[in-house]
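[1] Here is a sequence together with a model predicted from it:
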Amino acid sequence: MDGNSIKPNQENAATTHEMLAALKNDVTALHEKVESIQTAQANKKWEIVKLVLPIVLTAVLGLMVWYFQGQIQKNADEHNREIQAKVDENNRLLSTRLALTEEFYKRKLAEYEKVGIVIAKLREALDRYDELEVDPEIGAQASDNTNAVRVIKESDFLFFSSKFRDKLDELWIIGVHVIGKRELDSAEKNNLADLIKGLRDEMNTDLHTSDLSWPQSGK
């Protein structure tokens, strides 16, 4: 092989080397360009993410706030309904109790009014018992109302206090004693006046008339 044949080979090798080098540079440039494009795309995506992310987070946070507010309001409404139901039930029970108390007090007052009339008639008859010969009706009035006092004190345990019934028993004893003696002496008259006053005071106490500023005593 002579020198003339070697030279073309060297030139071909050099050309090939140059082509490879150029190709390598092109590949490198292409790779850099691709990386640049990818970096630009990544930056663009990140910018989009940075733009969209606050909106998404705000929307999610708003939904969470709305949900928890709804739950809180729901619980509060249920609690309020429970409280209102209890208040309504208490009001109903209170109204029922007040109605029963009012009815009981009315009947109690009516019973005291009836016994008050009996006591007044009996006192009148006993005070005038010395007029029996002149007015025989006094004896019947005294006897009837003395018996009425006995019936009341032995039968009415619901409306009258035990202390009031005890005083009715004392009044009955005085009535029986006066009817038996057919007279009312000064000592018994004083005892009768004190007993009537005690009955009136006990009546007022039992009916709580002091709350109404009603008179508490008097003969």
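    It's in.

[2] can we go C-alpha only for contacts and neighbour counts from here?
    Will do.

[3] Which other helices and strands does the helix ranked longest in the chain contact?
    Longest helix in the chain, counting residues (DSSP state H): helix 3-127. Applying 3 or more Cα pairs under 8 Å, 6 or more residues apart in numbering; DSSP states H and E, we find helix 3-127 packed against helix 137-155, helix 162-181, helix 186-207.

[4] so it versus helix 186-207, what angle?
    Angle between the axes of helix 3-127 and helix 186-207 is 160 degrees (criterion: axes from the mean of the first three to the mean of the last three Cα atoms, to 10 degrees).

[5] ok and helix 3-127 relative to helix 162-181, angle-wise?
    Helix 3-127 runs at 10 degrees relative to helix 162-181, counting by the same axes, to 10 degrees.

[6] and of the helices and strands packed on helix 3-127, who's closest to residue 78?
    Among the helices and strands packed on helix 3-127, helix 186-207 comes nearest to residue 78, with 44.5 Å by Cα to Cα.

[7] Can you name every helix or strand that that closest one contacts?
    helix 3-127, helix 162-181.

[8] Can you give me the buried ones in it?
    By neighbour count on 16 or more other Cα atoms under 10 Å, the buried set for helix 186-207 is 188, 192-193, 195-204, 206-207.

[9] one step back: and the helices and strands packed on helix 186-207, which is most packed in?
    Each of these was scored by mean neighbour count; the highest is helix 162-181, a mean of 17, by mean count of other Cα atoms under 10 Å.

[10] next one: it to chain centre, how far?
    49 Å (Cα atoms, centre = their mean, to the nearest Å).

[11] What of stretch 182-191?
    What separates the centre of stretch 182-191 from the centre of its chain is 58 Å, taken as Cα atoms, centre = their mean.

[12] hmm, which helix or strand of this structure has the shakiest average pLDDT?
    In the chain, no helix or strand scores lower on mean pLDDT, DSSP states H and E than helix 3-127, which sits at a mean of 81.

[13] what's the angle from it to helix 137-155?
    Comparing the axes of helix 3-127 and helix 137-155 via the same axes, to 10 degrees yields an angle of 150 degrees.

[14] No more questions from me, cheers.
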